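1. predicted model, plus sequence, below.
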Amino acid sequence: MFVSSSAAPAILALAGAALALPSTVPKRLFESVDAAPPAWAKNEAAAKDEAIELRIQLAHQNMPQFHQMALDIATPGHEKYGKHMSLEEIDAVIAPKEESKQVVFEWLGNHSLADSAVLTPRGNIVVVSTTVGEAEKLLGTEYHSYTNAETGEKASRALSVSIPEAVFGHIETVQPTTFFGFREIKPTFTPHDPVRNDTNAPQASYTTPTVLSTLYNFKSISTLTKGKMGIAGFIKQWPSKSDLSTFLKTYAISGFGNSGQTYTCTTVNSGQCPASPASAGTEANLDVQYARAITSDIPNEFYSVGGNNNQIYEYLSEYLLGLSAAERPNVISVSYGGDESSVTKSVATTTCNQFSQLGAAGVSILFASGDSGVGSGCTISGKKAYQPDFPGGCPWVTMVGGTTGTGTEKAWVDGGGGFSNYFDRPTWQSTQVQAWLSKNKDGNTQYYNTAGRAYPDVAAAATYFEIVVGGRTGAVDGTSCAAPTFASVIELINSGRLAAGKSALGFLNPWLYGNASNALTDITSGSIGGCAAISGAGFTAIAGWDPATGLGTPNYQKLLQVSNAT
């Protein structure tokens, strides 16, 4: 058993101690779900000797206090604005108590699992290498094998977890159990002949970096080199450097001088960086090609995260927090998520708390808002309801919705938007969301939580994006296009700030809803749909914030002016 040096004395002392949690002690239900998500079909009971790695997230201290600190750092005008925290400063506030580590290792010891457990160097997660049979005894549950009908993926999961009373309050999550994982917000690739990189071309309805540079007012910028743009890749999605080179030869923005630039691929949790174009994924290529084209000469880093899709955000967050401020990206773009109802509240809360730590450390996290409008199945616990996205409901990330049109933009019909059932509306968006609620007369408020955190926060183009995959040119749609576009514009601003001796923007939302709200282009036409089973389901773009396009799309020059004054 390996433990971090700071925790070793307390934990090793337990080995010879009389344990206070006998294996026969009654267990109480910690968490349960009614059934697996719709795409997952239940098979036979999982084999008792199947290997499984449990990750037990220890309870953090002082999270409300920390969240206020993170909010102060992100709020322009506050004396703490821009004074981002190191990991050591974060952990000085929220690190789990030593008592929690002791209780968890006693619990594991009573099941002869302490020697199979590792406390991560940060001291906040206990990793247990065991078998399904032993995990069932530990957690008072039964694992079954499930198959995802859409992907063919197989996974062993449980629908409930029970733990001793004494362990309550000392852990936040234990997975893989009740959570079946996130999914890629997958764009559809349609091959065709390359179009001209010209806004006056006959095929000008296609979106290229040059089109975006005009649409979002970043065509004329000085060469920028400071900072780092991050792109997250999961679920065996990898980009291709040869495809990027082909893309930039055709679509690099004239005058940017970055057609020869590339990216660095960094592996996290045994991820991979295959070099063959045959391994290229549509999502990864889309993200990398547009981030690289837009972000001038700023270094780009693709983080290839390995492992199953159950803890992908945990792996990435813990890795990034472990980097020095100089190594960490200023912005990270992510195009993966899932229905909020398919994510247990404990997982959602823990994941969101990890994002709050990244924000406090100076990282802007932007997510695609999804491609199902207000939802697809639109049934939660047997009742008709809009299906919000996760992490759309997390108040510590910036959600990017979709628009269509290379002239006058309007809401893209499939762009994700809605209200969380898990997270309350944060104060920084109260004024704008309340204004929308007072004007909204859609008659469908019974299907969504009007008191919840609302999203998207902003929007960007999401249709007809030209990309290259496996040497072939084609077009894709989706908020997976919008997220790296908006994120890249933010990185341009960050690079200028860093060159001027300022801090990066970090957690964006208080700035966006405050100082920068008038520097965005309000989208006032179009609507998002979804939920065919509910008459009139969806949201319409109107003046001001709305759950179709948020505050609007970026105008780089206007945002830069606001940033320069902040």
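-> It's in.
2. kindly list the longest helix within the protein.
-> Longest helix in the chain by number of residues (criterion: DSSP state H): helix 479-499.
3. give me the distance from that one to the chain's centre.
-> Mean-position distance between helix 479-499 and its chain equals 16 Å (CA atoms, centre = their mean, to the nearest Å).
4. what's the answer for stretch 129-138, then?
-> With CA atoms, centre = their mean, you get 30 Å for stretch 129-138.
5. same question for it, mean pLDDT?
-> What stretch 129-138 shows for mean pLDDT is 98.
6. excluding sequence neighbours, find me the nearest residue to residue 215.
-> Once flanking residues are discounted, residue 215 sits nearest to residue 406: 6.3 Å by CB to CB, 6 or more residues apart in numbering. Any C-beta I mention is one placed from the backbone N, CA and C, and that applies to glycine too.
7. give the buried residues for the longest helix of the chain.
-> 479-498 (16 or more other CB atoms under 10 Å).
8. average pLDDT for it?
-> Computed over helix 479-499, the average pLDDT equals 98.
9. what does stretch 507-516 give?
-> 98.
10. contacts for it next, please.
-> Here stretch 507-516 makes contact (CB atoms under 8 Å, 6 or more residues apart in numbering) with 70-71, 73-76, 356, 359-360, 364-366, 395-396, 398, 426, 428-429, 431-432, 457-458, 490, 505, 520, 545, 551, 559, 562-563, 565-566.
11. number of nearby residues for residue 404?
-> 19 (other CB atoms under 10 Å).
12. export the next helix or strand after the longest helix of the chain as CSV, just CAs?
-> For helix 479-499, the following helix or strand on the C-terminal side (DSSP states H and E) is helix 509-513. C-alpha atoms of helix 509-513 as CSV (Å, rounded to 0.1, in the frame of the first residue of the first chain):
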residue,chain,number,x,y,z
ASN,A,509,-19.1,34.0,-15.6
PRO,A,510,-19.1,36.9,-13.1
TRP,A,511,-17.1,38.9,-15.7
LEU,A,512,-19.4,37.9,-18.6
TYR,A,513,-22.6,38.6,-16.8
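13. tell me which element residue 563 falls in.
-> Per DSSP H and E: helix 556-564 holds residue 563.
14. now do that helix: everything it contacts.
-> Against helix 556-564 from outside (CB under 8 Å, 6+ apart): 216-218, 221, 489, 492-493, 496-497, 500, 505, 511, 515-516, 518-520.
15. what about the helices in the stretch 151-300 of the chain?
-> 209-215, 241-251, 282-294 (DSSP state H, counting those that start in this stretch).
16. how far away from the center of its chain is the second one?
-> Put simply, helix 241-251 sits 27 Å off its chain's centre (CA atoms, centre = their mean).
17. can you give me the buried ones in it?
-> Buried-residue list, helix 241-251, by 16+ other CB under 10 Å: 241, 243, 244, 246, 247, 248, 250, 251.
18. how about the strands in the stretch 401-550 of the chain?
-> 410-411, 418-424, 452-455, 458-461, 465-469, 472-476, 520-521, 527-528, 539-540 (DSSP state E, counting those that start in this stretch).
19. ditto for the stretch 101-250 of the chain
-> In order along the chain, the stretch 101-250 of the chain carries the following strands (DSSP E, counting those that start in this stretch): 117-119, 125-131, 143-148, 154-158, 160-164, 171-175, 183-184, 190-191, 229-233.
20. what's the most buried one of the ones you listed?
-> strand 229-233 (a mean of 28; mean count of other CB atoms under 10 Å).
21. what's the angle between that strand and helix 282-294?
-> For strand 229-233 against helix 282-294, the angle by axes from the mean of the first three to the mean of the last three CA atoms, to 10 degrees is 170 degrees.
22. elements contacting strand 229-233?
-> Helices and strands touching strand 229-233, by 3 or more CB pairs under 8 Å, 6 or more residues apart in numbering; DSSP states H and E, are helix 282-294, strand 300-305, strand 331-334, helix 479-499.
23. partners of it, with directions?
-> In the sheet, strand 229-233 lines up against strand 300-305 (parallel), strand 331-334 (parallel) (DSSP bridges).
24. so what's the residue count around residue 272?
-> 13.
25. ok, it - contacts?
-> Residue 272 neighbours (CB under 8 Å, 6+ apart): 236, 238, 304, 306.
26. just the buried residues of those residues.
-> 238, 304, 306.
27. what mean pLDDT does stretch 525-536 have?
-> 94.
28. may I see the buried residues of it?
-> Taking 16+ other CB under 10 Å as the criterion, stretch 525-536 shows 526, 527, 528, 529, 530, 531, 534 as buried.
29. neighbouring contacts of it?
-> 372-376, 378-379, 384, 386-387, 401, 403-404, 408-417, 442-444, 447, 537-541, 547-549.
30. go again with 7 Å.
-> 372-376, 378, 384, 386, 410-411, 413-415, 417, 442-444, 447, 537-541, 548 (CB atoms under 7 Å, 6 or more residues apart in numbering).
31. deepest-packed of the strands of the stretch 401-550 of the chain, please.
-> Among those, strand 458-461 has the highest mean neighbour count (mean count of other CB under 10 Å), at a mean of 31.
32. using PDB, list the CA coordinates for that one.
-> Extracted in PDB, the C-alpha atoms of strand 458-461 (Å, rounded to 0.1, in the frame of the first residue of the first chain):
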ATOM      1  CA  VAL A 458     -22.900  32.500 -24.200                       C
ATOM      2  CA  ALA A 459     -23.100  31.100 -27.800                       C
ATOM      3  CA  ALA A 460     -21.100  30.800 -31.000                       C
ATOM      4  CA  ALA A 461     -21.400  29.400 -34.500                       C
END
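33. parallel or antiparallel, which strands does that strand pair with?
-> Here, using DSSP bridges, strand 458-461 pairs with strand 398-404 (parallel).
34. so what would you say the end-to-end distance of stretch 128-148 is?
-> Start and end residues of stretch 128-148 are separated by 25 Å (CA to CA, to the nearest Å).
35. now do the same contact list for residue 134.
-> 111, 113.
36. over to residue 467?
-> Residue 467 touches 247, 285, 286, 289, 474, 476, counting by CB under 7 Å, 6+ apart.
37. please, where are all the helices along the stretch 301-450 of the chain?
-> Using DSSP H, counting those that start in this stretch, helices in the stretch 301-450 of the chain cover 312-321, 345-360, 430-439.
38. the first one packs against which elements?
-> Read it as helix 312-321. Helix 312-321 is packed against strand 264-268, strand 300-305, helix 345-360, with contacts defined by 3 or more CB pairs under 7 Å, 6 or more residues apart in numbering; DSSP states H and E.
39. hmm, back to that, can I get the buried ones among the contacts of residue 272 in a markdown table with distance to residue 227 and pLDDT?
-> Converted to a markdown table, these look like this (distance: CB to CB, whole Å; pLDDT from 0 to 100):
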| residue | distance to residue 227 | pLDDT |
| --- | --- | --- |
| 238 | 24 | 91 |
| 304 | 21 | 96 |
| 306 | 26 | 90 |
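40. alright, that wraps it up for me.
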